[in-house]
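>>> Below are the sequence and a predicted model for it; my questions follow.
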Amino acid sequence: MSREPYLLPNGRVLRYTFHERLVHWLTGVSYVYLLLTGLAFWSPWLFWIAIILGGATISRELHPWVGLVFTVGVSMMYRMWHRQMKETPADKTWWAAIGHYIRNEDDQVPSADRFNPGQKLLFWGFFWNGILLLLTGLILWFPQYIPWSLGFLRLAAVFLHPVFALCTIALFIIHVYMGTAMERGAFGSVIRGDVSRAWANEHHHTWYQQLLRDSTARK
Amino acid sequence: MSQAATELVRISGHAGPVPGAGLDREFTVCKLVDTTTCIGCKACEVACLEWNGYPFSETKFDNSYQTMPETAWNYWNLIKFNEHEREDGTLMLLMRKDQCMHCADPGCLAACPADGAIVQYANGIVDFQEANCIGCGYCMSGCPFNIPKFSPEARKVFKCTLCNDRVSVGLEPACIKACPTGCLHFGTKNEMKELAETRARQLREHSGFADAGVYDPPGVGGTHVIYVLHDAKHPELYGGLPNDPQVPLMVRLWKEPLKWIGNLGIIVGVVGIFIHYLRFGPKVVKGERKANGSEGENL
Ligand code: HEM
Ligand code: SF4
């Protein structure tokens, strides 16, 4: 599937293949469910979320299972993107210009490859926190099998699981904001898959230029 | 002792004072376990099962008299045996009735996320309301005494109720009723504390147990089950009774600072992106034009 052409005949650029979009939403939908049910148990003020989602008992039962789905999503994402997410020396200059990026002074931001360093941070943040959430989550899933002498494991898990969740929430808030409101066109790229040429050139200049070179080479 | 509801305050059309008015009643309940007069007969174990309707569980032999290694979701009351060799070479068989301590500051309740799954009554009883329990098992991490146990069938957690159903109608707990030696007592916390101290003094002054004392651990605010021990300096000898039980620090940090830092962080994050949008707006791609000529729309 990764063989799909990136320059579409209709003058637009295919940014994410069907496979990539599917994996994105498998991960995204399962994450949102985990977030909502997790928050319900995090604070008594949010317990109503679990009730809306079918009752607190069901939420407790399903949360770890959906956690496994989320883990599958993250693993598939790792397989398809980890090479493109590798940090490069050029990332440092991009981070140095982060103030310009935030203030939308994009002409002063170094050009980005398929994923800009901020997206890489999001990816690795979710990857590592996903692993840690799985490990602590497994302990929380089966507390009855942890012997009393290993009680510290349970205590570590009840404390650390929400810590890692909070780390992903920080990334998630920024991710959703950028993907919907801030970076117009980005949302369509994970729904229909394509973006305009101008968008690709502006936000992922290095990547787009490479696509152009590749397509002329193929001709 | 438990019945605030039966105490009269006013009576209509009644000549003279209200009977019992002005009583300074104490509603707290307390179970006193005098380990020095326990004979390990396990009558309390059986009484607990009978009253609460659980079948007798399979026993696990471990070279001692102990029925099983620890309490279970359907076995709330267990005598813990320890053959203790003293400094002078003599042997002592220590026996302690293990069950929920009904802490004044219960770690199980602090850890529980489910609305109304664990309640504490004014009389001191800490009770699980299984109808509200979601089976997360957080209470198992909060309890310093290893008491709440998960039932794989019910997928909920169970423990000793201090016979709340009996106490609330003026009866004593089933275990108390069954004890043949009088090693178990039931009354208000003050009464039991006094009785326990008297017994401990007796042991110190007349029976040669210089370290005899009462176990009512302050780390959990005191408990509504208290012990008289021959050796109060070493409670661990009595089937692993913790020396200074506390609600675990991790649970405290998780439920207080972490929660507030996390909540504040989330609110700051959401407000922050909103303000960012107001100040800087969306990223506009140069050279993109909508049909109407305005710049920036490139969906
Ligand atoms: C990766 C696999 C995961 C597993 C196996 C897992 C498992 C669990 C379990 C067993 C609990 C206890 C209550 C319940 O069952 O709902 C829990 C609580 C929680 N989970 Fe997860 N989880 C996972 C991923 C996540 C993710 C990705 C998030 C992200 C938001 C998350 C957020 C939470 C939160 C906030 C709580 C409540 C913590 C508290 O009460 O303080 N979990 N998790
Ligand atoms: S002994 Fe354990 S289960 Fe009983 S009240 Fe204390 S913390 Fe809760």
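Looks like it came in fine. Computed from a predicted model, the values in this text were never measured in an experiment. Ligands and ions are numbered 1, 2, ... in the order given.
>>> Now name the helix or strand holding the most centrally placed residue in chain A.
Centroid check for chain A by Cα atoms, centre = their mean gives residue A:123 as the closest residue, at 5.4 Å. Take DSSP states H and E as the rule and residue A:123 turns out to sit in helix A:117-141.
>>> thinking again about what came up before, give the contact list for the residue nearest to the centre of chain A.
Contact analysis of residue A:123 by Cβ atoms under 8 Å, 6 or more residues apart in numbering or on different chains lists A:77, A:81, A:85, A:115. For every residue, glycine as well, the C-beta is placed using N, CA and C.
>>> redo that, cut-off 7 Å
A:81, A:85 (Cβ atoms under 7 Å, 6 or more residues apart in numbering or on different chains).
>>> Could you find the closest non-adjacent residue to residue A:12?
Distance criterion Cβ to Cβ, 6 or more residues apart in numbering or on different chains; nearest residue to residue A:12, sequence neighbours excluded, is residue A:194 at 4.3 Å.
>>> That neighbour - how many residues pack around it?
As a burial measure, residue A:194 scores 20 neighbours (other Cβ atoms under 10 Å in any protein chain shown).
>>> Likewise for residue B:141?
Neighbours of residue B:141 under the rule other Cβ under 10 Å: 28.
>>> what separates it from chain A, distance-wise?
From residue B:141 across to chain A, the span is 4 Å (Cβ to the nearest Cβ, to the nearest Å).
>>> Residue A:154 is in contact with that residue, correct?
Yes - between residue B:141 and residue A:154 there is a contact at 4.3 Å, judged by Cβ atoms under 7 Å.
>>> Helix or strand with the lowest mean pLDDT in chain A?
Within chain A, judged by mean pLDDT, DSSP states H and E, the helix or strand with the poorest mean is helix A:205-218; its value is a mean of 88.
>>> Does chain B have contacts with it?
No - Helix A:205-218 stays clear of chain B (Cβ under 7 Å from any Cβ of the partner chain), getting no nearer than 11.6 Å.
>>> so how far is that helix from its chain's centroid?
Here the centre of helix A:205-218 is set off from its chain's centre by 26 Å, with Cα atoms, centre = their mean, to the nearest Å.
>>> Which positions within that helix qualify as buried?
Applying a neighbour-count criterion of 16 or more other Cβ atoms under 10 Å in any protein chain shown, the buried positions in helix A:205-218 are A:205, A:207, A:208, A:211, A:212.
>>> now the helices for chain B?
For chain B, helices defined by DSSP state H occupy the ranges B:43-52, B:107-111, B:138-142, B:164-167, B:174-178, B:189-206, B:249-253, B:259-280.
>>> hey, which of those is tucked in deepest?
Across the helices of chain B, the average number of neighbours (mean count of other Cβ atoms under 10 Å in any protein chain shown) peaks for helix B:138-142, which reaches a mean of 27.
>>> looking just at contacts, which helices and strands does it meet?
Helix B:138-142 sits against helix A:151-177, helix B:107-111, with contacts defined as 3 or more Cβ pairs under 7 Å, 6 or more residues apart in numbering or on different chains; DSSP states H and E.
>>> I'd like the next helix or strand past the first one.
Translated: helix A:151-177. With DSSP H and E, the next secondary element past helix A:151-177 is helix A:186-191.
>>> Point out the other helices and strands that that following helix packs with.
Using 3+ Cβ pairs under 7 Å, 6+ apart as the contact test, no helix or strand touches helix A:186-191.
>>> looking at it, residue B:210 is touching residue B:203, isn't it?
No - using Cβ under 7 Å, residue B:210 makes no contact with residue B:203, being 9.0 Å away.
>>> can you tell me how far the spatially closest residue to residue B:130 that is not a sequence neighbour sits from residue A:31?
Leaving aside its sequence neighbours, residue B:130 sits nearest to residue B:156 (Cβ to Cβ, 6+ apart; 5.0 Å). Separation of residue B:156 from residue A:31 (Cβ to Cβ, to the nearest Å) stands at 28 Å.
>>> Now stretch B:82-96: buried residues?
B:82, B:94, B:95, B:96.
>>> Filter those down to the ones in strands?
B:82, B:94, B:95, B:96 (DSSP state E).
>>> Pick out whichever of those residues sits closest to ligand 1.
Checking these against ligand 1 with Cβ to the nearest ligand atom, the nearest one is residue B:96 at 32.6 Å.
>>> wouldn't that closest one be in contact with residue B:36 here?
No - using Cβ under 7 Å, residue B:96 is not in contact with residue B:36, being 10.6 Å away.
>>> And stretch A:98-108, what's buried?
Residues of stretch A:98-108 classed as buried by neighbour count (16+ other Cβ under 10 Å): A:101, A:104, A:106.
>>> Up against ligand 1, what does chain A have?
Along chain A, the residues adjacent to ligand 1 under the rule Cβ under 6 Å from any ligand atom are A:31, A:34-35, A:37-39, A:41-42, A:60, A:63-64, A:67, A:70-71, A:133-134, A:137-138, A:140-141, A:161-162, A:165, A:168.
>>> and residue A:90, how many residues sit next to it?
With neighbours defined by other Cβ under 10 Å, the count for residue A:90 comes to 13.
>>> any idea how far the nearest residue to it once chain neighbours are set aside is from residue A:189?
Closest residue in space to residue A:90, ignoring its immediate chain neighbours: residue A:110 at 6.6 Å, by Cβ to Cβ, 6+ apart. Distance of residue A:110 to residue A:189, given as Cβ to Cβ: 21 Å.
>>> out of those two, which sits in the more crowded spot?
residue A:189 (24 against 18).
>>> can I assume the more buried one is in contact with residue A:200?
No - assessed by Cβ under 7 Å, residue A:189 is found out of contact with residue A:200, at 9.3 Å.
>>> What residue spans form the domains of chain B?
Domains of chain B are assigned by automatic domain parsing as B:3-247, B:256-298.
>>> hey, which of the ones you listed is tucked in deepest?
Of the domains of chain B, domain B:3-247 is the most buried (mean count of other Cβ under 10 Å), at a mean of 18.
>>> Do that domain and ligand 2 come into contact?
Yes - under the criterion of Cβ under 6 Å from any ligand atom, ligand 2 is reached by domain B:3-247 at B:100-103, B:106-108, B:126, B:143, B:145, B:147-148, B:159.
>>> Quick one: mean pLDDT for that domain?
Computed over domain B:3-247, the mean pLDDT rounds to 93.
>>> can you check stretch A:56-70 too?
When pLDDT is averaged over stretch A:56-70, the result is 97.
>>> The closest residue to residue A:174 other than its chain neighbours and ligand 1: what is the separation?
Leaving aside its sequence neighbours, residue A:174 sits nearest to residue B:273 (Cβ to Cβ, 6+ apart; 6.9 Å). As judged by Cβ to the nearest ligand atom, to the nearest Å, residue B:273 and ligand 1 stand 18 Å apart.
>>> Not including adjacent chain positions, what is the nearest residue to whichever residue of chain B sits closest to ligand 1?
At 4.3 Å from ligand 1, residue B:136 is the closest residue in chain B, using Cβ to the nearest ligand atom. Leaving aside its sequence neighbours, residue B:136 sits nearest to residue A:60 (Cβ to Cβ, 6+ apart; 5.3 Å).
>>> do residue B:109 as well
Counting by Cβ to Cβ, 6+ apart, residue B:109 lies nearest to residue B:118, which is 4.4 Å off, once chain neighbours are set aside.
>>> follow-up on the earlier one: let's have the domains of chain B in TSV, adding distance to residue A:53.
Converted to TSV, these look like this (distance: least, Cβ to Cβ, whole Å):
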stretch	distance to residue A:53
domain B:3-247	12
domain B:256-298	19
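>>> Figure out which of the ones you listed is closest to residue A:17.
Residue A:17 lies closest, by Cβ to Cβ, to one member of those: domain B:256-298, at 20.4 Å.
>>> before we move on, back to that, so who does the residue nearest to residue B:109 touch?
Contacts of residue B:118 by Cβ under 7 Å, 6+ apart are B:108, B:109, B:112, B:126, B:128, B:139.
>>> do residue B:137 as well
With contact taken as Cβ under 7 Å, 6+ apart, residue B:137 is in contact with A:143, A:144, B:150, B:157.
>>> do residue B:50 as well
Contacts for residue B:50 (Cβ under 7 Å, 6+ apart) come out as none.
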